[in-house]
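Novice: Pasting the sequence and the predicted coordinates here, then a few questions.
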Amino acid sequence: MTNRKNAILATVVACALLLSASPAWAAGAPTERLATASAESASLTALSVPIKGCSTSAWRYDSTSRGTRTLTQIGPTQANRNRTAKSMRVTLTSDVGGTVNAQFSGATNVKGSVKVAEISAEFGVSAGLSVTASVGNSVTFTVPSGKTGYGDYGVWSLPVRGKEYRTLGPDCTIQSRAASTLAPFRVGWDVTVK
């Protein structure tokens, strides 16, 4: 009986010595499995990070070209004929007033006030969403003998072509749409002599 106990004890001691001598069994294997799991987790995390690109921006506006200014006439055409033998100075005075508003066509994602401000800066005018022509505004010019001076009173406006655009994410595509504006910028007269 004693010999059997000694044999069992010897076997247990031998196993303990083998385990202590093998770090792969004692500690390495769990450590390797943990490291492998951590690496796999990091790989999955890296794959889940979105690719960085453009985000969708707000609409913007740029003027691209301008046309010839036009007069929105307020009131009837005035006229004064020179029946003298010499040239004479003629004065015409408005007897009708009114307001001219900016006109927009095409894309309308950008506010009219933003477009008018950009047009003013781009072309050196004082454009507005509206301009009012008052009664009593006068113009004086020379009319030769035998000729007639004509005057149209109103508000001068500038026709402008432009575009509205924005960036679309994530591939940075530019979306663009045409936009036209007739921007009033000054009260005045258009005079001719015939």
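Specialist: Received the coordinates, thanks. The structure presented is a predicted model; accordingly, all values stated were derived computationally and were not measured.

Novice: how about the residue nearest to residue 125 when sequence neighbours are not counted, what does it touch?
Specialist: Nearest-residue entry for residue 125: residue 185, 4.2 Å, with adjacent residues in sequence omitted and distances by CB to CB, 6 or more residues apart in numbering. Yep, even glycine has a C-beta here, placed from its N, CA and C like the rest. Residues in contact with residue 185, defined by CB atoms under 8 Å, 6 or more residues apart in numbering, are 120, 125-128, 131, 156-158.

Novice: Any chance of a PyMOL selection covering the buried ones in those?
Specialist: Here is the PyMOL selection string for the buried members of these, based on 16 or more other CB atoms under 10 Å:
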select buried, resi 120+125+127+128+131+156+157+158
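
Novice: so can I have TSV of the contacts of residue 185 showing distance to residue 175, secondary structure and pLDDT?
Specialist: Shown next, in TSV, are the contacts of residue 185 (distance: CB to CB, whole Å; DSSP: H, G, I helix; E, B strand; the rest coil; pLDDT from 0 to 100):
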residue	distance to residue 175	secondary structure	pLDDT
120	26	helix	98
125	29	coil	96
126	31	coil	96
127	26	coil	98
128	29	coil	97
131	32	strand	98
156	33	strand	98
157	29	strand	98
158	26	strand	98
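
Novice: Tell me the one of the contacts of residue 185 nearest residue 77?
Specialist: Using CB to CB, residue 156 is the member of the contacts of residue 185 that lies nearest residue 77, at 16.0 Å.

Novice: wouldn't the closest one be in contact with residue 74 here?
Specialist: No. Applying CB atoms under 8 Å, one finds residue 156 not in contact with residue 74, separated by 11.5 Å.

Novice: For the nearest residue to residue 187 once chain neighbours are set aside, list each beta-bridge partner.
Specialist: Among residues not flanking residue 187 along the chain, residue 133 sits closest, at 4.6 Å (CB to CB, 6+ apart). Beta-bridge partners for residue 133, by DSSP bridges, are residue 98.
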